[in-house]
Every structure is written in structure tokens, then in C-alpha cells.
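S.K.: give me a model of this one.
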Amino acid sequence: MISTFPRVQRWSYYQGFWYFPMFLEGLMSAQDHFTPRSTDIFITSCPKTGTTWLKALTFAICTRSRLSGSSASSLLTRMPHDCLYWNMTLLKTPLNGTVQFLWDAKDAFVSLWHFIADLQRSKNIEPLSLEEAFELFCSGISSYGPYWDHVLGYWRASLEFPEKILFLTYEEMKKDTASHVKKLAEFMGCSFTLEEEEEGEHRADDSSFAMKNGVFFRKGEIGDWANNLTAEMGARLDDIMEQKLKGSGLKLPR
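M.R.: Numbers count the residues shown, from 1 in each chain. Sure, this is the predicted structure:
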């Protein structure tokens, strides 16, 4: 069945989104057989939009009492992706608790291109050029994209079910980490005590993005797209995003 799906480059088209074929069998099986628990929380951000950071925060927040502080040491020796199950597929699950992370499309594209290109080079595969990948991205063809459809779907759902979906932006999280970590903890039902807030406030902005840690980390810098894309390319993607999100009420991060 998968071999019959429309395909462009390395992506296959299924239910309105583009996937690597290697993930499709598991995705389809999960849609047919996976039953979420009422306490499950899903991180549904697109790849390379700050997902690794969000996973680290989520894991540290929800395990801090049960693991008596060992969650921090776990994150020093293991990747966040090893601490939490991967959930980069679009599952038709009930709205248990979902956290959506948005990053400016230009930065998200550049981060994703570097990630895939580095991964392919490590396997002696010639990656797509930045320009070719950009054209595909602007056409909606990217991992788990179109990017705007992924974001817009969760944005609209968050307006309808604010108690079930927490919509965050990378820019806001980095600008005011402490308050957004508190918001994340409250959403997950494990708010910080007053003592925890006082003790941890001075450490809240200590982001692991300040140091490299394998292929999942690069820079994490807002606006780094300008070091990779021309001004014309940036303006073009901004125009596409504004057109796609027009009327939704979602303000584009800059």
C-alpha cells in the first residue's frame, strides 16, 4: 500500500502530510491499534522546532518528584529522545494533553535542512541542496509538512480545547523561560511549589542549547536563518506563512 502513495524525492504523501516511507508502516499501525491513556501527554511539534529542548523540559518537570532529582542526572547522560518515547507522527488520537511548539518557519526550515543533510552525509548520501530543499518546503513538501498545515491544525484545536492543547512558541519560551516552564508544568498537572519556584528561578534560563550535543543540537538561535537564506528567500517564506495563516488569529513569531 505504501508503495502506491504519491512520492516526491524521499517523502511519501499520506492523509495530507509528507513522511519518510520508513515511518509510515509504524504510523499506520499506531492509528489502527494505539489507544492513549487519559494521562498521556503528546509533544506534537514539527522536527527541529525546539522539540529536543521541549522534551527535556517535559521529562524534568513530570519526573522531578518521582525520581527525587535523578531526572536531571538522566538528562546529563542520555538524550531527551531516549528519556521519552518519540512522537513525531500525526496520530488521530483523542485530545488527552497535547503540547505544540512553533518556531519561525525560516529558522525551522534551516535547522531541518542542516539536520537531514548532516545525517545523509554520515551515510554517504548526497543531500539536497539548500535551494532545492527550500523550493520543496515552500511547496509544502517537508518532513511531517506542510509546516503551516501542521501548525494551523493544532492552533485551531488549541482555541477550541485550551484545556487539552498547550500552544507555545520557541521565541516566547526563550525570551521568558521561567514563566513558560511554570505554564507547562501547570498544563501537565504537576505545578511547582513555592519553594521549588524560589529555588529554581535563577537556573531556569540555563538552556542546553548553549553547547553542542550530537546531531540533535546545532545553534537554537532565533534569526539564524539569515546566515543561510537570502533576504528574498526569507521574505518569500514569510509571505507564504502569512497567506496560509491569514484569518486564523495566529501571530507569526519573528
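S.K.: how about the secondary structure of residue 100?
M.R.: Here residue 100 is strand, with the state taken from DSSP: H, G, I helix; E, B strand; the rest coil.
S.K.: so which residues of this structure form helices?
M.R.: Ranges of helices in the chain, per DSSP state H, are 21-33, 51-63, 70-77, 80-83, 105-122, 130-138, 147-160, 170-175, 177-187, 194-200, 231-245.
S.K.: give the contact list for residue 237.
M.R.: Residues in contact with residue 237 (Cβ atoms under 8 Å, 6 or more residues apart in numbering) are 105, 106, 109, 134, 137, 138, 229. To be clear about C-beta, it is placed using only N, CA and C from the backbone, and glycine gets the same treatment.
S.K.: for residue 142, see how far away it is.
M.R.: Noted for residue 237: a distance of 12 Å to residue 142, by Cβ to Cβ, to the nearest Å.
S.K.: which residues do the two both contact?
M.R.: residue 109.
S.K.: give me the number of residues near residue 162?
M.R.: Residue 162 has 11 neighbouring residues, counting by other Cβ atoms under 10 Å.
S.K.: cool, and residue 121?
M.R.: For residue 121, the neighbour count with other Cβ under 10 Å is 11.
S.K.: now residue 23
M.R.: Neighbourhood size, residue 23 [other Cβ under 10 Å]: 16.
S.K.: poorly predicted segments of the stretch 51-200 of the chain, please.
M.R.: The stretch 51-200 of the chain contains residues with pLDDT under 70 at 65-77, 85-96, 200.
S.K.: switch to 50 and redo it
M.R.: Across the stretch 51-200 of the chain, the ranges flagged by pLDDT under 50 are 69, 88, 90-94.
S.K.: which of the helices of the chain is buried the deepest?
M.R.: helix 51-63 (a mean of 21; mean count of other Cβ atoms under 10 Å).
S.K.: helices or strands up against that one?
M.R.: Where contact means 3 or more Cβ pairs under 8 Å, 6 or more residues apart in numbering; DSSP states H and E, helix 51-63 is packed against strand 42-43, helix 70-77, helix 80-83, strand 98-102, helix 177-187.
S.K.: next, format these as TSV and append distance to residue 1.
M.R.: Below are the helices and strands packed on helix 51-63 laid out as TSV (distance: least, Cβ to Cβ, whole Å):
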stretch	distance to residue 1
strand 42-43	25
helix 70-77	39
helix 80-83	28
strand 98-102	28
helix 177-187	37
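S.K.: not counting sequence-adjacent ones, nearest residue to residue 83?
M.R.: Sequence neighbours aside, residue 59 is the residue nearest to residue 83 in space, at 4.6 Å (criterion: Cβ to Cβ, 6 or more residues apart in numbering).
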